[in-house]
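*Asks:* With the sequence up front, the predicted model follows.
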Amino acid sequence: MSCSNLTMWVSSKSSLSDSSLLSFCSSLNPFQLPSHNPTTAGPSKSAIQCGLRELRERIDSVKNTQKITEAMKLVAAAKVRRAQEAVVNGRPFSETLVEVLYNINEQLQTDDIDVPLTKVRPVKKVALVVVTGDRGLCGGFNNYIIKKAESRIKELKDLGLEYTVISVGKKGNSYFLRRPYIPVDKFLEGGTLPTAKEAQAIADDVFSLFISEEVDKVELLYTKFVSLVKSDPVIHTLLPLSPKGEICDINGVCVDAAEDEFFRLTTREGKLTVERDVIRTKTAEFSPILQFEQDPVQILDALLPLYLNSQILRALQESLASELAARMSAMSNATDNAVELRKTLSIVYNRQRQAKITGEILEIVAGADALV
């Protein structure tokens with residue numbers, strides 16, 4: 001039966017009056033399918049004009065879509081665990097780096113040191129490192145961080161400051177490529193899992209821009225992982241670094257480098273949840289008789305780029321975890337919607353099939369009565 005031969009009305013409230021009206025109209029004219037007048041209908045109704053074959057194909061299509069979104073949800077959940085493992089595995093290195101950094105600063109606290117990465121200059125130009133994802137199907141993840149970048153660019157324009165963008169991620173690259181009026185210094189693409197090599201490429205670029213005084217400040221825009229259903233776009237000041245390596249936002253609020261925060265995936269009542277822990281790195285003092293083979297300033301010059309690299313790597317890992325969590329949530333919602341749509345289409349299919357069978361039975365009965 002084609003879509004033009006059947007008009008099916010589905011109400012938000014099912015009642016027995018529809019079925020009784022169907023039998024009554026069919027008994028009046030067994031060779032004419034029942035029709036409703038929308039102007040006289042009580043509740044709000046929507047017309048679905050489609051045949052049984054089309055409905056079967058639509059139900060099969062929704063069923064296949066449901067399988068795909070369910071599989072993508074499970075893949076994203078597994079990758080979130082990998083991202084968590086990457087964050088946890090990088091903690092020993094960051095802890096040791098912070099410990100050495102603190103103790104060298106203790107040795108240099110009375111000296112007037114001049115380290116290029118910690119030099120604060122009057123800000124005339126700002127570099128924005130914008131970290132986005134490489135793929136879609138993750139809700140508003142990429143849109144939120146791009147809007148954050150647009151808002152920051154507008155603030156810099158209002159302050160009369162120049163700016164340049166370092167885009168990391170395919171989605172951000174395609175966005176800025178379509179807007180040539182936004183100055184972009186470099187386009188970079190991330191991998192499946194952030195590595196120290198990728199972080200080093202970003203660190204080398206911002207390092208050269210800052211040391212050559214092409215820019216006076218470098219800000220990092222990324223999505224901080226909070227939970228499986230929440231992530232916050234944040235802006236951190238990447239350069240100039242604090243001598244102790246604190247992480248500061250654009251308002252000057254700094255977080256102690258020794259306070260390391262990481263997330264851990266667990267299951268609670270059969271559902272995945274995230275627990276966040278803040279662990280204070282123990283910074284035991286070096287022995288007072290310990291002597292540095294090199295000048296502590298030279299050691300600090302070597303450690304601060306390593307610390308810069310570790311902060312960029314940590315931001316990439318947080319952004320990836322946020323993207324995967326957003327994709328997991330989006331695919332979960334898509335699966336729920338597919339289940340609901342499949343249920344609705346099945347109800348419409350069964351009603352149309354019942355109406356067709358009822359009409360054929362009435363036709364047979366009317367033909368048999370005519371022969372008597």
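*Replies:* Everything's here; your move.
*Asks:* Low-confidence bits of this protein, can you list those?
*Replies:* Screening the chain residue by residue with the criterion pLDDT under 70, one finds the ranges 1-49, 105-114, 242-292.
*Asks:* Which stretches in it count as helices?
*Replies:* Counting by DSSP state H, the chain has helices at residues 16-28, 52-89, 91-108, 141-158, 170-177, 196-211, 296-371.
*Asks:* Which positions within the shortest one qualify as buried?
*Replies:* Right, helix 170-177. K170, K171, G172, N173, Y175, F176 (16 or more other CB atoms under 10 Å). (Glycine included, C-beta is placed from N, CA and C.)
*Asks:* Closest one of those residues to M331?
*Replies:* Nearest to M331 among these: K171, at 17.4 Å, using CB to CB.
*Asks:* wait, doesn't the closest one sit right on C138?
*Replies:* No: with contact defined as CB atoms under 8 Å, K171 does not count as touching C138 (9.3 Å).
*Asks:* related to what we said a few turns ago, so which of the helices of the chain comes closest to R121?
*Replies:* Closest approach to R121 among the helices of the chain (CB to CB): helix 196-211, 9.3 Å.
*Asks:* Any idea how far the closest one is from the middle of the chain?
*Replies:* Taking the mean of its C-alpha atoms, helix 196-211 sits 25 Å from the chain's own mean (CA atoms, centre = their mean, to the nearest Å).
*Asks:* Let's see that helix as PDB, backbone CA atoms only.
*Replies:* Listed next in PDB are the C-alpha coordinates belonging to helix 196-211 (Å, rounded to 0.1, in the frame of the first residue of the first chain):
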ATOM      1  CA  ALA A 196      55.100  14.300  24.100                       C
ATOM      2  CA  LYS A 197      56.200  14.800  20.500                       C
ATOM      3  CA  GLU A 198      53.000  16.700  19.600                       C
ATOM      4  CA  ALA A 199      53.200  18.800  22.800                       C
ATOM      5  CA  GLN A 200      56.900  19.600  21.900                       C
ATOM      6  CA  ALA A 201      55.900  20.900  18.500                       C
ATOM      7  CA  ILE A 202      53.400  23.300  20.100                       C
ATOM      8  CA  ALA A 203      55.900  24.200  22.800                       C
ATOM      9  CA  ASP A 204      58.700  25.000  20.200                       C
ATOM     10  CA  ASP A 205      56.400  27.300  18.300                       C
ATOM     11  CA  VAL A 206      55.200  29.300  21.300                       C
ATOM     12  CA  PHE A 207      58.800  29.300  22.700                       C
ATOM     13  CA  SER A 208      60.200  30.900  19.600                       C
ATOM     14  CA  LEU A 209      57.400  33.500  19.400                       C
ATOM     15  CA  PHE A 210      57.900  34.500  23.000                       C
ATOM     16  CA  ILE A 211      61.700  34.500  23.000                       C
END
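*Asks:* just checking, what packs against it?
*Replies:* If contacts are counted by 3 or more CB pairs under 8 Å, 6 or more residues apart in numbering; DSSP states H and E, helix 196-211 sits against strand 125-131, strand 162-168, strand 184-188, strand 217-227, strand 230-239, helix 296-371.
*Asks:* Just the angle for it relative to helix 296-371, thanks.
*Replies:* 120 degrees (axes from the mean of the first three to the mean of the last three CA atoms, to 10 degrees).
*Asks:* ok, and what's touching helix 196-211?
*Replies:* If you take CB atoms under 8 Å, 6 or more residues apart in numbering as the criterion, helix 196-211 is touched by 116-117, 127, 129, 164, 166, 168, 185-186, 188, 190-191, 215-216, 218, 238-240, 305, 308-310, 312-313, 316.
*Asks:* This completes my enquiry, with thanks.
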